[in-house]
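> Fold the following, please.
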Amino acid sequence: MKKYAFFVLLVLCLVPASVFGTPLQASGDEPPVVFADFSWDSVQFHNRVAGFILEHGFGKKVVYSFTEEVPGFLGLERGDFHLAMETWVDNSAPYWEKAEKNGRMISLGRNFQDAPQGWYVPTFLIKGDPSRGIEPSAPGLKSVSDLPRYWELFKDPEDETKGRFLNGPTGWHVSVTNAEKLQAYGLNEHFNNFHAGSASALAVGIASAYERGKAVLAYYWEPTPLLGKYDMTKLEEPPYDPEIFNTTGGCDFPACRVLKTGNTEFLEAEPEIRAFIERYTTTLELTNQALAFMEDNNLTHGEAAAAFLKKHPDLWRKWVGGPVAEKVAAALANSGN
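Residues are numbered from 1 along each chain as shown. Next comes the predicted model:
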């Protein structure tokens, strides 16, 4: 009996699983499409717009994997991530140029027109805000060169001998550029370079100061819900010069190219996904509106993405058509957003 049982077990082990109606790898075991989910709102929103279409239109499993900028570049190169709907390539030029040169990452075109970025202060510092009873405290503040005159408005609560410059997180390459700018403009003797712990902490730091009618000097960019909500002024800098920018940093930021990017090997294996992402384009205005709607209504990025797709069918039907579009439309009709 023991020999017979052993023989049956041996036969079962040797027979392919498909003979019994179970494939060796079920279709449900297909690896997911992994988005590099950088730490700012607009990329997380656009990742979920594209992800909704991939999930419901293409039948793909989708994962949003949080990362910061530099690790995200390296992960896209290695194939740990497959797609990113916003890659601010001019902020991380060395990494982008290397990845593009070795052929491991591909640009899939611009998501929206080039995005402004720079150093911002509340406009009420310059012009006042009569509706809030705020008088202008820095009427002559127009440029970074004016900051030494007004540093005391921005006093660092941890070191009142200097002002505080609110920089991005240490994981952002642009934060290094901002530190170089402080040095190039001779502002290190007047300002401490304070790194926010995250993109959300940076936004909260600006919003909190604005709501309290207090001064804040910070790096920021568009499109964002914050700049759609608050009246902020971008300080003037010397005109952008690529040689200066790439050495001392002592000039204006370039209007940053915001590209959709992906891992080369993944995209070569998924030509239909590649074609969809290449057709995916929006605008700064649409993105700002969507992010403001998300914040005003306390929505998640996924909920905001579904609401956006419901509101703009004429836009996303330019990206996909046929059965894919009909599946997306059916999923939107059944969603609760």
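
> where along the stretch 151-300 of the chain do the helices fall?
173-184, 199-211, 225-229, 242-245, 264-269, 271-279, 284-296 (DSSP state H, counting those that start in this stretch).

> worst average pLDDT in those?
With a mean of 83, helix 225-229 has the lowest mean pLDDT of the helices of the stretch 151-300 of the chain.

> any residues touching that helix, and which ones?
The contact list for helix 225-229 (Cβ atoms under 8 Å, 6 or more residues apart in numbering) reads 41, 120, 203, 206-207, 220-221, 232, 288-289, 291-292, 294-295. C-beta here means a position set from N, CA and C on the backbone, and glycine is covered the same way.

> End to end on stretch 54-70, go ahead and measure it.
26 Å (Cα to Cα, to the nearest Å).

> Give me the distance between that stretch and the centre of its chain.
In terms of Cα atoms, centre = their mean, to the nearest Å, the centre of stretch 54-70 is set 14 Å apart from its chain centre.

> and Gly197, how many neighbours does it have?
11 (other Cβ atoms under 10 Å).

> on that earlier part again, kindly reformat the helices of the stretch 151-300 of the chain as JSON lines and extend each row with distance to Asn111.
Shown next, in JSON lines, are these (distance: least, Cβ to Cβ, whole Å):
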{"stretch": "helix 173-184", "distance to Asn111": "18"}
{"stretch": "helix 199-211", "distance to Asn111": "17"}
{"stretch": "helix 225-229", "distance to Asn111": "17"}
{"stretch": "helix 242-245", "distance to Asn111": "22"}
{"stretch": "helix 264-269", "distance to Asn111": "16"}
{"stretch": "helix 271-279", "distance to Asn111": "10"}
{"stretch": "helix 284-296", "distance to Asn111": "8"}
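
> Tell me which of those sits nearest to Ala115.
Comparison of the helices of the stretch 151-300 of the chain against Ala115 by Cβ to Cβ identifies helix 284-296 as nearest, at 6.6 Å.

> from the middle of its chain, how far away would the next helix or strand after the closest one be?
Following helix 284-296 in sequence order, the next helix or strand is helix 301-311 (DSSP states H and E). In terms of Cα atoms, centre = their mean, the centre of helix 301-311 is found 17 Å from the chain centre.

> what comes up buried for helix 301-311?
His301, Gly302, Glu303, Ala304, Ala305, Ala306, Ala307, Phe308, Leu309 (16 or more other Cβ atoms under 10 Å).

> my read: the fourth one touches Asn298, true?
No - using Cβ atoms under 8 Å, Ala304 is not in contact with Asn298, being 10.2 Å away.

> Nearest to Leu54, out of the helices of the stretch 151-300 of the chain?
Of all those, helix 271-279 comes closest under Cβ to Cβ, at 6.8 Å.

> what residue ranges in the protein are flagged as low confidence?
Within the chain, the segments meeting pLDDT under 70 span 1-28, 336-337.

> Can you pull the domain assignment for it?
32-114+256-334, 117-245 (automatic domain parsing).

> So Val43 sits against Phe81, correct?
No - applying Cβ under 8 Å, one finds Val43 not in contact with Phe81, separated by 11.9 Å.

> now Pro323: how far from Glu272?
Taking Cβ to Cβ, to the nearest Å as the measure, Pro323 falls 11 Å from Glu272.

> for Gly186, that is, sorry about that
54 Å.

> Compare neighbour counts for the two and give me the winner.
Gly186 (13 against 10).

> Now do the contacts for that one.
Pro148.

> Also Trp119?
Counting by Cβ under 8 Å, 6+ apart, Trp119 has contacts Val144, Phe165, Asn178, Lys181, Leu217, Ala218, Tyr219, Lys234, Leu235, Glu237.

> again with Ala93
Per Cβ under 8 Å, 6+ apart, neighbours of Ala93: Asn246.

> Quick check: what element follows the one helix or strand it maps to along the chain?
Using DSSP H and E, Ala93 sits within helix 93-101. Remark: after helix 93-101, the chain's next helix or strand is strand 105-110, criterion DSSP H and E.
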